[in-house]
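Asks: Below is the structure, and that's it, no one-letter string:
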């Protein structure tokens with residue numbers, strides 16, 4: 001389906017939970033109160049929403065959190081979603097701590113991609129950034145995932161304090177057939193309290209070691225990343241630079257929080273409560289019709305662009321784990 005700006009909306013980021021086994025500094029650095037279990041969508045409720053989404057042409061799904069793998073039944077849910085008629089891809093974003101155990105089942109179900117969040121290859125710094133995460137566990141999972149043949153991406157947030165980690169992280173694309181993507185810090189939640197780096201600053205550093213780094217117009221996933229190639233790398237270097245290189249004109253995504261709130265744009269606290277519809281007590285056909293109607297309205301009214309450059313206009317003040325990564 002197209003919104004009123006003519007963009008095709010075919011991608012849904014679906015949060016399974018706001019809970020996480022890490023306390024990353026830019027996401028949820030303290031023990032925030034989690035929403036009650038009764039407030040979180042049940043898997044069958046998520047399936048109802050995904051069926052309605054498919055009817056509207058949304059056929060690419062990213063499973064997020066919090067940390068999605070902390071929720072019991074996450075992999076069977078992804079398998080059921082992958083099996084739905086019309087689904088083109090199901091991918092996962094994870095911090096990697098629970099990935100090794102889940103990986104065999106993810107491979108068997110045919111997961112289309114795994115994104116691993118990793119901001120530093122310094123074990124001490126990694127533990128400080130994540131509130132105690134164990135780097136060796138994540139690296140073991142990354143290596144296993146790359147060896148499995150699954151499409152693997154490493155996501156690293158560009159922080160001023162991890163500037164010296166840009167080259168070590170990029171070297172993962174030399175060692176493994178993975179893409180390493182650098183993400184400009186979003187001015188949302190705790191991200192407003194930290195200093196980030198820009199794509200240009202990171203490129204200056206990268207080109208010291210990879211002078212042949214060249215932009216490519218390859219599409220290597222469902223999202224907005226732009227990519228660079230080098231003869232020295234097996235994978236690609238990518239950037240998601242929402243702050244300095246806005247990609248709103250080609251945005252194709254919606255977000256669904258774990259509590260069933262559908263967000264057309266990360267920047268604004270606007271959206272639709274789908275949980276109320278799936279719990280309305282109506283029959284399945286009527287629920288499906290209601291879901292399609294309100295989702296179609298939300299898609300059509302999707303904002304033309306975000307407002308990250310204008311802090312006073314940002315109306316979304318929840319933390320990233322609450323929104324859905």
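Replies: All right, it came through fine. What you see is a predicted model, and the numbers here were worked out from it, not measured in a lab.
Asks: Next one, pLDDT for the residue nearest to residue 210 when sequence neighbours are not counted please.
Replies: Nearest residue to residue 210 in three dimensions, chain neighbours excluded: residue 230, at 4.3 Å (CB to CB, 6 or more residues apart in numbering). Yep, even glycine has a C-beta here, placed from its N, CA and C like the rest. pLDDT, residue 230: 98.
Asks: so who does residue 230 touch?
Replies: With contact set as CB atoms under 8 Å, 6 or more residues apart in numbering, residue 230 has these partners: 210, 212-214, 237.
Asks: Farthest pair within those?
Replies: For the contacts of residue 230, the farthest-apart pair by CB to CB is 212 and 237; their separation is 11.6 Å.
Asks: rewinding a little: just send the contacts of residue 230 back as JSON lines, with distance to residue 147 and neighbour count too.
Replies: Shown next, in JSON lines, are the contacts of residue 230 (distance: CB to CB, whole Å; neighbours: other CB atoms under 10 Å):
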{"residue": "210", "distance to residue 147": "24", "neighbour count": "22"}
{"residue": "212", "distance to residue 147": "27", "neighbour count": "11"}
{"residue": "213", "distance to residue 147": "26", "neighbour count": "18"}
{"residue": "214", "distance to residue 147": "28", "neighbour count": "11"}
{"residue": "237", "distance to residue 147": "21", "neighbour count": "25"}
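Asks: Nearest to residue 39 among these?
Replies: residue 237 (39.4 Å).
Asks: who's the closest one bridged to?
Replies: residue 180, residue 228 (DSSP bridges).
Asks: how far away is it from residue 226?
Replies: Applying CB to CB, to the nearest Å, the value for residue 237 to residue 226 is 10 Å.
Asks: what do you get for residue 62?
Replies: 18 Å.
Asks: So if I had to pick from these two, which one is more boxed in?
Replies: Between residue 62 and residue 226, residue 62 has the larger neighbour count (other CB atoms under 10 Å), namely 25 against 20.
Asks: Contacts only, for that one.
Replies: If you count contacts by CB under 8 Å, 6+ apart, then residue 62 has 11-14, 91-93, 222-223 around it.
Asks: That one belongs to a strand, doesn't it?
Replies: Yes. Under DSSP: H, G, I helix; E, B strand; the rest coil, residue 62 falls within a strand.
Asks: Am I right that residue 80 is in contact with residue 47?
Replies: Yes. The pair residue 80 / residue 47 is scored as a contact, 6.7 Å apart, by CB atoms under 8 Å.
Asks: Tell me the buried residues in the longest helix seen in the chain?
Replies: For the chain, the helix with the greatest residue count under DSSP state H is helix 284-300. Judged by neighbour count (16 or more other CB atoms under 10 Å), helix 284-300 contains these buried residues: 287-288, 290-292, 294-296, 298-299.
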